[in-house]
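*Asks:* Following is a predicted model, sequence given first.
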Amino acid sequence: MIITIDGPAASGKSSVAQALASRLGCYYLYTGLLYRAFAYLLKNKYGVQISQIVTCIGPCVVQEDDLTMIESIDYSYDDGKPQITIDGRKVTEELYQSDIDQLASIISANKMVRERLLPLQRRVGKKYDIVADGRDCGSVVFPDADYKFYLTASLDVRAKRLVSDAKRKNGDMNVEKIREELEVRDQRDTQREVAPLRVPEGATVIDNSALTKDDTLQEFLHYINDL
């Protein structure tokens with residue numbers, strides 16, 4: 001069984017996907033963590049500063065020979081949590097810094113990067129029953145998923161969630177600044193040529209702007225039980 005949850009940044013995809021996977025006894029595939037991992041590798045290799053690349057989209061940040069670094073990324077789901085290991089070292093906690101957020105969004109528009117990461121994601125889907133979340137899980141990665149959802153929320157609500165998310169390393173950034181970055185990211189994700197963010201065909205749309213995490217989970221379970 002494959003369940004996909006697509007949607008914009010900070011809509012709550014990861015939280016509900018992880019809770020849903022736990023409830024259903026499935027493997028959780030956090031596809032965005034793979035792009036963060038590659039962004040992390042690029043930053044470490046080149047010392048890339050986000051201020052140097054914010055005007056660049058896709059190919060200008062990634063060289064073809066950089067793609068070989070993807071082979072060093074290993075994804076696992078241990079003790080109910082997604083983990084990224086690179087060359088044997090766990091780096092998951094280092095992948096939530098705000099500059100990694102932005103760099104991951106930029107390189108995710110790169111066709112070469114997306115194509116190189118696809119087999120890794122699909123191997124997980126063949127091996128396990130999964131709940132997968134991301135930007136194009138139901139439209140590109142798993143177009144034949146058993147259940148497809150699109151989770152969204154208002155821009156203001158999403159900005160506040162990021163500010164209050166202790167896991168993310170936002171430094172001294174305030175709600176207004178994060179809201180601006182989310183707006184830029186939304187525009188980039190929806191307008192990019194390669195795998196743009198959109199509601200997958202056949203997906204159920206859920207807006208959780210006014211819902212708690214538990215309410216959101218129950219909404220998903222309601223649709224799954226009824227289908």
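*Replies:* That came through, no problem. Source: prediction; values computed, not measured. Residues are numbered from 1 along each chain as shown.
*Asks:* what is residue 133 paired to in the beta sheet?
*Replies:* residue 5, residue 30 (DSSP bridges).
*Asks:* and residue 41, how many residues sit next to it?
*Replies:* 18 (other Cβ atoms under 10 Å). C-betas here are computed from N, CA, C, even on glycine.
*Asks:* Residue 187 now?
*Replies:* Residue 187 is flanked by 10 other residues according to other Cβ under 10 Å.
*Asks:* May I see the buried residues of the strand or helix carrying it?
*Replies:* Using DSSP states H and E, residue 187 falls within helix 175-191. For helix 175-191, a neighbour-count test (16 or more other Cβ atoms under 10 Å) marks 178-179, 181-182, 185-186, 188-189 as buried.
*Asks:* so where do the strands sit in this protein?
*Replies:* Taking DSSP state E, the strands of the chain run over residues 2-6, 27-30, 73-78, 81-86, 89-90, 130-134, 147-152, 204-207.
*Asks:* can you list contacts of the second one?
*Replies:* Okay, so that is strand 27-30. 14, 17-18, 21-22, 75, 77, 80, 82, 121, 124-125, 127-134 (Cβ atoms under 8 Å, 6 or more residues apart in numbering).
*Asks:* where along the chain do the helices fall?
*Replies:* Assigned by DSSP state H, the chain shows helices spanning 13-24, 31-46, 50-53, 98-107, 111-127, 155-164, 175-191, 213-226.
*Asks:* could you dump these to TSV with distance to residue 65?
*Replies:* As requested, these are exported to TSV (distance: least, Cβ to Cβ, whole Å):
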stretch	distance to residue 65
helix 13-24	31
helix 31-46	11
helix 50-53	18
helix 98-107	15
helix 111-127	11
helix 155-164	34
helix 175-191	25
helix 213-226	41
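*Asks:* Tell me which residues touch the spatially most central residue of the chain, please.
*Replies:* Centroid-nearest residue in the chain, with Cα atoms, centre = their mean: residue 32, separated by 2.7 Å. Shown in contact with residue 32 (Cβ under 8 Å, 6+ apart): 14, 104, 133-135.
*Asks:* what does residue 31 give?
*Replies:* Per Cβ under 8 Å, 6+ apart, neighbours of residue 31: 117, 121, 132-135, 137, 141.
*Asks:* what's the spacing between it and residue 176?
*Replies:* 29 Å (Cβ to Cβ, to the nearest Å).
*Asks:* Residue 113 now?
*Replies:* Distance from residue 113 to residue 176, by Cβ to Cβ: 31 Å.
*Asks:* in this structure, which segments are predicted with low confidence?
*Replies:* 48-61, 166-173, 226-227 (pLDDT under 70).
*Asks:* please redo it, this time with the cut-off set to 80
*Replies:* 47-61, 165-173, 226-227 (pLDDT under 80).
*Asks:* How many neighbouring residues does residue 79 have?
*Replies:* Close neighbours of residue 79, defined as other Cβ under 10 Å, add up to 5.
*Asks:* Residue 91 now?
*Replies:* Residue 91 is flanked by 17 other residues according to other Cβ under 10 Å.
*Asks:* Next: residue 215.
*Replies:* 10.
*Asks:* mind listing what the residue lying closest to it once chain neighbours are set aside touches?
*Replies:* Closest residue in space to residue 215, ignoring its immediate chain neighbours: residue 208 at 7.4 Å, by Cβ to Cβ, 6 or more residues apart in numbering. By Cβ under 8 Å, 6+ apart, residue 208 lies in contact with 11-12, 16, 151-153, 215-216, 219.
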